[in-house]
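>>> Sequence plus the predicted model coming up.
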Amino acid sequence: MRLIASYFAGLLFGIGISISGMANPAKVLNFFDVTGHWDPSLAFVMGGALLAAFVGYRYALRRTAPVLEPSFHLPGNSAIDARLLGGSAIFGIGWGIAGFCPGGALPALGTGRIEVLAFVAALVTGIFAARGMIAWNARRADYVPQK
């Protein structure tokens with residue numbers, strides 16, 4: 001049942017991204033072009049998503065547990081640190097250069113365009129590189145040289 005619910009949630013998200021035009025990198029890049037062909041539609045899409053999330057979280061967190069899970073899995077870390085800021089900066093720079101964020105690129109995979117495939121390949125490579133760096137740092141922190 002969880003797999004079916006995940007599928008329909010992803011399908012709904014993908015349809016929303018496609019209908020809003022956010023799978024088109026030119027539309028996203030035009031949002032950042034404030035001195036040229038500025039397109040404010042990304043702000044409206046983000047505002048709508050923020051409103052839906054706000055209402056959804058208020059409703060969902062009134063429950064004792066999610067419908068398809070025994071408990072909520074909420075983040076426990078609320079620190080704003082260098083890792084968060086660095087990751088956010090890398091994400092924003094990549095988004096501004098490519099015109100894609102992961103949410104817009106995954107539905108756009110269906111177009112078969114080479115730039116979408118290249119972006120998703122770089123995204124997956126970055127995920128594995130970040131995981132590798134985290135694991136490497138954890139091993140270094142645990143390493144105690146023998147005397």
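Okay, I see it.
>>> How far off centre is the helix or strand hosting Leu117?
Assessed by DSSP states H and E, Leu117 sits inside helix 114-142. Here the centre of helix 114-142 is set off from its chain's centre by 15 Å, with CA atoms, centre = their mean, to the nearest Å.
>>> Equivalent analysis for stretch 3-22, please.
Centroid separation for stretch 3-22 versus its chain: 14 Å, with CA atoms, centre = their mean.
>>> Show me what the helix holding Leu117 packs onto, helices and strands only.
helix 82-98, helix 102-108 (3 or more CB pairs under 8 Å, 6 or more residues apart in numbering; DSSP states H and E). For every residue, glycine as well, the C-beta is placed using N, CA and C.
>>> if you compare those, which one is most tucked away?
helix 102-108 (a mean of 20; mean count of other CB atoms under 10 Å).
>>> average model confidence for it?
Averaging pLDDT along helix 102-108 yields 85.
>>> and Asp33, how far is that from Gly96?
10 Å (CB to CB, to the nearest Å).
>>> show me what contacts Asn30?
When contacts are counted by CB atoms under 8 Å, 6 or more residues apart in numbering, Asn30 touches 36-39.
>>> Make CSV out of those residues and add secondary structure.
Converted to CSV, the contacts of Asn30 look like this (DSSP: H, G, I helix; E, B strand; the rest coil):
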residue, secondary structure
Gly36, coil
His37, coil
Trp38, coil
Asp39, coil
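>>> Could you write me a PyMOL select line covering just the buried ones among those?
Selection of buried members from the contacts of Asn30 for PyMOL, criterion 16 or more other CB atoms under 10 Å:
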select buried, resi 39
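>>> need the helix or strand of this structure with the lowest average pLDDT.
When each helix and strand of the chain is scored by mean pLDDT, DSSP states H and E, helix 102-108 comes last, with a mean of 85.
>>> and it, what does it pack onto?
helix 2-20, helix 114-142.
>>> Please state the offset of that helix from the chain centre?
9 Å.
>>> and what of stretch 64-77?
Worked out by CA atoms, centre = their mean, stretch 64-77 lies 20 Å from the chain centre.
>>> if we can go back for a sec, for the helix holding Leu117, which positions count as buried?
For helix 114-142, the neighbour count (16+ other CB under 10 Å) marks 116, 119-120, 123 as buried.
>>> Throw those residues into JSON lines and include distance to Tyr7 and pLDDT, thanks.
Putting these into JSON lines (distance: CB to CB, whole Å; pLDDT from 0 to 100) gives the following:
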{"residue": "Val116", "distance to Tyr7": "21", "pLDDT": "90"}
{"residue": "Phe119", "distance to Tyr7": "23", "pLDDT": "91"}
{"residue": "Val120", "distance to Tyr7": "19", "pLDDT": "92"}
{"residue": "Leu123", "distance to Tyr7": "21", "pLDDT": "90"}
